[in-house]
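Participant: Below: sequence and its predicted model.
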Amino acid sequence: MTLTTPSAKLNSYRAGPDDRGFFGLYGGRFVAETLMPLILDLERAYEAAKADPGFSAEIAFLNTHYAGRPSPLYHAERLTDHFRAQSKTGGGAKIYLKRDELNHTGSHKINNCIGQILLARRMGKTRIIAETGAGQHGVAVATVCAKYGMGCEIYMGATDIERQSPNVARMMLLGAKLNPVTSGAGTLKDAMNEALRDWVTNVHDTYYIIGTAAGPHPYPAMVRDFQSVIGRETREQMVALEGRIPDTLVACIGGGSNAIGLFHPFLDDKSVAIYGVEAGGHGIDIHNGHAASMTGGTPGVLHGNRTYLLQDADGQIEEGHSISAGLDYPGVGPEHSWLKDSGRVTYVPATDTEALDALKLCTRLEGIIPALEPSHALAYVTKLAPTLPCDNLLVMNLCGRGDKDLFTVAKALGIKI
Amino acid sequence: MTTPTRIDRRFAALKAAGKKALVCFVTAGDPDFETSANILAGLPKSGADVIEVGMPFSDPMADGPAIQASSLRALKSGQNMIKTLKLVADFRKTDPDTPIVLMGYYNPIYVYGNERFLTDAKAAGVDGLIVVDVPPEADDELCLPAIRHGLNFIRLATPTTDAARLPAVLANTSGFLYYVSITGITGSAAPVATDVHSQVARIKASTKLPVAVGFGVRTGEQARAIAEGADGVVVGSALVTAIQQSLDKEAHATVKTVPAVLDLVSSIAGVLKSA
C-alpha cells in the first residue's frame, strides 16, 4: 500500500492541512475581508506553482547555486564526547548538527524566501513587505529582493532594532526600507500587525513574505514546504553516513519554521522521537516572562490562524519574553499546535540562561557560534543526549549563526566590546 | 431570522422618512467605563441611529493609530468582555430602541467561549456583531450560531470584494452591509465619493440589505457626500480622536470628554440629515 491511498492518508501526520487550511482545530484563514481575495489568489498561485516542475527546478537551482545547499550534516564529536562523559548510564547520543547556519544570509530563512520571491514574481507583484524579529528573515527577504530588483519594506519592532543592530545594517545595505514599529512592546508580534496593515492598504502590487510557518492558510503549509528541504536533506545525508534514518530530532520553536522543516519529512517514521524547544525566558512559571506559547499558553486566534497563544483570561495577547528576538513571539505555527495535541512531537522549554550556557558550550567545543535561537535547542540536547544510548543518532537543527547576537551575548556575559 | 431586529426596524424607519443612518463607533471603556457609559447614553439624542461598540483588543490588525490607541486606553483602564457586555446592558435599561452592534476581533470572543458570548450578548441587549477577522469561509464558527441566537451578523465588503466573491459575503449577512470605502486601515485618507457611489451601486444591485459606508469619514460634508446612494455612513476614528484630544496629560477623562464626542456627532448628524 502506498501513502497516497486514502486509508493510509488517515494514518499519516503529513496529510494536513485540509482544504480550508486546518490542521485539526488549528490554522484556518482568519483575516479581514480586504485580504481574503488576496489569500485565495495566493493559494491558487501556489497550487499552480507546485504542479509546475519548472518551479521546483528553479528553487533547486537557486538552493544549490545561490543559497549554498545542501547544508552539511556534521558529526559534532566533541559535543558527543562531552555528553557521553556526563552520562550516568554509560550512554550519550551521537550528535549531528544540521548546519543551516552556513546558508547564504546565515540562517534557514533563505529557504523560504527563495520560494516566496519566485512565487511573487509569477504573480506579477512588484513590491515586497515582510516582518522580522531577529532580523534573519528581514535580511533574507532584503537579499532576494536585491537579487530580483524588487522594492522591499521591512517592519521591525523598535526594541528588536536595538538588540539586532548588525542585521539592521545588513538590511539597509541591501536596499530595504526599514520601518520601525513602536506599538506594543516593539517586537515581532507588533511588526506582524504593521505588515498586515500595510498589506491591507497596498493590495494590488504588494506580496507579503511571511517569515515563519504561521499566518493564514496557505502560509503555514507553503512555508513548511519550502523549509522541508532541511528534513529531506537530513534524511538522505544520514542514510549515506550511517545507513539509516536518525532516532532523535531537536529544533527550536519561535514560529517554528526551521523545526517544521526538519520534522515534517520524518513525521510518519514512528521510530523517530521529535522534540521542539520553546523559549522559556526567565522561566515558564513567571507570568509573561517567557515565550513558550505551547508549554505555557492556550488556543486562540491571532494573525490569521488559530493556534496556541500567550494571552490573558480576556483573550488579550501578552508580549512574552525571550533573550532571543527570533523566538520572542506569543504564537506558534498551527501545525505545531496540532502536533502537540496529537502527541507526535514533544515540546519543552529552555530558559535564557540555559540557552546562553549552550551557546558557550558549542562555541568552545566545536568552534561554531550558534545564534541564540538554536542555542535553545542545544540547551535541551544537553539534558536529553546523556540519557540516550550511544547508538542513538540525534540531529539538532543549527538553524542560524550567532554573529547577529554578539552584542546581546556580550552584554549578558559581561564581555566589553 | 423571521422577526425584524432593532437594526432592521431602525433602517426601515429611516428609509421611510427619507433619511440616512448615522452609525457611530466608540470603543467600550474608552477612556474609562463611566465616561464610556455617559458617551453611549448621549449618542442617540446627538443623532446616532446605530451604535457600534468596539470590543477592545490588544492587536487590532485592521485598525489605524486612532482606534489602536483607543483600544489600548480601554484595556489600560481595566475594560474586558464582561464589562463590555455590562456597558450594553446598562445602556439598554434606559434606551430600548437604539440598535447596538458589537464590533471587534475574534480572539476575545473565542476565549470567552462562542456560545457563552452569544447568549450573554443577546441577554445584554446586543443586536448585531461585526467580527473583522472571521470571513464567510468560517461561517460555521460564529456567524451561523449568532443567527441562531437572534443576532444580526454584519459583514464588511471592500473594494477587493469582486463580483465573484460578493455572493459569499452577502450569503449570511443580515441587518446591514458595511461597505469599507478604501483598501486600508480605519482612519486612513478620505475616500473619493464618486468611487464609493459606483461601488455601492454595484453592491446594491445584488442585495436588498441597507448599505452603510465607513472608513475615513470625518466631517458632516464628507458624510453627506459619501452617503449619496447608500443608506448610511459610519463614523469611528474621528470620534475616538475627539476623545483622545479631550483627555488630560495622564490620558484621563476631563469635563470636555463627553461633550467633545457628542458635539461632533451632532454636527455630523446636522449636515447628514439636512440632505
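Facilitator: Sure, I can see it.
Participant: Residue B:121 is in contact with residue B:102, correct?
Facilitator: Yes. Applying C-beta atoms under 8 Å, one finds residue B:102 in contact with residue B:121, separated by 6.3 Å. Placement of C-beta: from N, CA and C, glycine included.
Participant: quick one: what helix or strand has the closest residue to chain A within chain B in it?
Facilitator: Nearest to chain A in chain B, going by C-beta to the nearest C-beta, is residue B:111, at a distance of 3.3 Å. Using DSSP states H and E, the element containing residue B:111 is helix B:106-112.
Participant: try residue A:142
Facilitator: helix A:136-148.
Participant: I'd say residue A:317 and residue B:60 touch.
Facilitator: No. Counting by C-beta under 8 Å, residue A:317 stays clear of residue B:60, with 10.7 Å between them.
Participant: Could you check which of the two is surrounded by more residues?
Facilitator: residue B:60 (26 against 23; other C-beta atoms under 10 Å in any protein chain shown).
Participant: Spell out which parts of chain A neighbour chain B.
Facilitator: Contacts of chain A with chain B, taken as C-beta under 8 Å from any C-beta of the partner chain, map to A:20, A:28-38, A:183-184, A:189, A:193, A:196-197, A:200-204, A:298, A:300-304, A:306, A:309, A:311, A:313-317.
Participant: Out of the residues you listed, name the ones that lie in helices.
Facilitator: A:36, A:37, A:38, A:189, A:193, A:196, A:197, A:200, A:201 (DSSP state H).
Participant: Would you point out which residue is most central in chain B?
Facilitator: residue B:52 (3.1 Å; C-alpha atoms, centre = their mean).
Participant: rewinding a little: next, show the common contact partners of residue B:102 and residue B:121.
Facilitator: B:88, B:129 (C-beta atoms under 8 Å, 6 or more residues apart in numbering or on different chains).
Participant: re earlier: residue contacts, the residue of chain B closest to chain A?
Facilitator: A:298, A:300, A:311, A:313, A:314, A:315.
Participant: quick one: which of these is nearest to chain B?
Facilitator: residue A:315 (3.3 Å).
Participant: So what's the residue count around that closest one?
Facilitator: Quick note: residue A:315 (other C-beta under 10 Å) scores 25 neighbours.
Participant: per-residue confidence for it?
Facilitator: Note on residue A:315: pLDDT of 98.
Participant: hang on, isn't it packed against residue B:109?
Facilitator: Yes. When contacts are counted by C-beta under 8 Å, residue A:315 is listed as touching residue B:109 (7.4 Å).
Participant: Can I get stretch A:291-309 in CSV, CA atoms only?
Facilitator: Taking Å, rounded to 0.1, in the frame of the first residue of the first chain, the C-alpha atoms of stretch A:291-309 are listed here in CSV:
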residue,chain,number,x,y,z
ALA,A,291,7.7,33.0,25.0
ALA,A,292,6.7,29.3,25.3
SER,A,293,3.2,29.5,23.7
MET,A,294,2.6,25.8,23.7
THR,A,295,4.1,24.9,27.1
GLY,A,296,2.6,28.0,28.8
GLY,A,297,-0.3,29.2,26.5
THR,A,298,-3.8,28.4,25.4
PRO,A,299,-5.6,28.2,22.0
GLY,A,300,-6.7,31.4,20.4
VAL,A,301,-6.9,33.3,17.1
LEU,A,302,-4.2,35.8,16.0
HIS,A,303,-2.5,36.8,12.8
GLY,A,304,-4.8,34.8,10.6
ASN,A,305,-4.7,31.4,12.3
ARG,A,306,-5.9,29.5,15.4
THR,A,307,-3.0,28.3,17.4
TYR,A,308,-1.5,28.3,20.9
LEU,A,309,-1.0,31.8,22.2
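Participant: in that stretch, what counts as buried?
Facilitator: A:291-297, A:299-309 (16 or more other C-beta atoms under 10 Å in any protein chain shown).
Participant: Repeat that for stretch A:381-392.
Facilitator: Those buried within stretch A:381-392 under the rule 16+ other C-beta under 10 Å are A:381, A:382, A:384, A:385, A:386, A:388, A:392.
Participant: Distance from that stretch to the middle of the chain?
Facilitator: Mean-position distance between stretch A:381-392 and its chain equals 24 Å (C-alpha atoms, centre = their mean, to the nearest Å).
Participant: So what does residue A:79 look like in phi/psi?
Facilitator: Per-residue torsions, residue A:79: phi -60, psi -40 (degrees, to the nearest 10).
Participant: Name the nearest residue to it, sequence neighbours excluded.
Facilitator: Nearest non-adjacent residue to residue A:79, counting by C-beta to C-beta, 6 or more residues apart in numbering or on different chains: residue A:95, 4.8 Å away.
Participant: Note down every partner strand of the helix or strand hosting that neighbour and its orientation.
Facilitator: With secondary structure defined by DSSP H and E, residue A:95 is part of strand A:94-98. In the sheet, strand A:94-98 lines up against strand A:73-75 (antiparallel), strand A:393-397 (parallel) (DSSP bridges).
Participant: Tell me which helix or strand in chain A has the weakest average pLDDT.
Facilitator: helix A:6-10 (a mean of 48; mean pLDDT, DSSP states H and E).
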